[in-house]
Every structure is written in structure tokens, then in C-alpha cells.
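Participant: 3D model of this:
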Amino acid sequence: MITLLHGFSTMNDLYAIVPASAIILIIAIRKILAPVKFNEEIFGEIHPDEVNNAASMRMMIGAGFGGIGLMGLMLGFMLEAGEATTSLLYALAAAYGFMLATLLFANQKGHLHEIPKPPLVIFPVMLALCIAGAIL
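Facilitator: Numbering: from 1, shown residues only. Predicted coordinates for the structure are as follows:
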């Protein structure tokens, strides 16, 4: 919702915080509930001796993503709109930027044969949403 404040248009911070937090939480839940399938979609078939290790690492990565999402949702609804929620949006933008940079770095180092398309779309879009929400 856009409201007028002293003649300037401002966006309700929750319109950026909720999707940015919920999207990463949904990704996290998928990583935790179906880690083997998630890994196979990214890397293809994994050697049988490494399936469980890879799945447990995927679940821990999911837990980290989920923690970011939960913090964003909880703080978004608990904080007073204004400087605190703007800071939260910048923090979420930093988290998405860091994840995108790590993905690109992993590819540059040769750890990925190709970069998965979903994070190449989701991370920059959420980064832009958070920055736009903080600025507007």
C-alpha cells in the first residue's frame, strides 16, 4: 500500500518484507523436506555413498535459509514501521546479495557445472525488492 506522508509517496515496508521473507522460507522448507530430490535437480545423480551426506548438508543450508526467513517475518511484524523496518529490509537485501555472490563465486571456482536458473532469478529480484522497499 502506498500512502502519502508529508507530500511524498511511501511504501508500507511489509509489502517488501513479507514476500522477501516468505520466499526464502518456502525455499528452506523444500530443502528440508526433500533434500535428495533438491540435490538431484541441481547436480543430477549423486553417488550412492554421498547421497546422505549431501542431503544432510542441503537440510542444514535449508535451516539457515529458514532462519533468515523466520527472522524477517517475525521482525517485520514486531518492529515499528520506519527506521527499524528499513534496516531490516537492508539486512534482507544483504542476505540475498551474499547468497547470490556465493553462488556466482562457487561457479567461478568451478564447483558448479552450470548455475541453477531459479536462484539467478529469485535472488536478484528479492534483492531489488528489498532495496526498493527500503528506499521508497
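
Participant: shaky segments in the protein?
Facilitator: Residue ranges of the chain with pLDDT under 70: 1-11.

Participant: which residue is nearest the centroid of it?
Facilitator: The chain has Ile24 as the residue nearest its centroid, 4.0 Å off, counting by CA atoms, centre = their mean.

Participant: and the helix or strand containing that residue, how far from the chain's centre?
Facilitator: Secondary-structure element containing Ile24, defined by DSSP states H and E: helix 14-33. Distance, stretch centre to chain centre, for helix 14-33: 7 Å (CA atoms, centre = their mean, to the nearest Å).

Participant: what residues does it touch?
Facilitator: With CB atoms under 8 Å, 6 or more residues apart in numbering as the test, helix 14-33 has contacts from 1, 38, 58-59, 61-66, 68-73, 75-77, 81, 85, 88-89, 92, 95-96, 122, 126, 129-130, 132-134. In this view, the C-beta of every residue, glycine as well, is placed from N, C-alpha and C.
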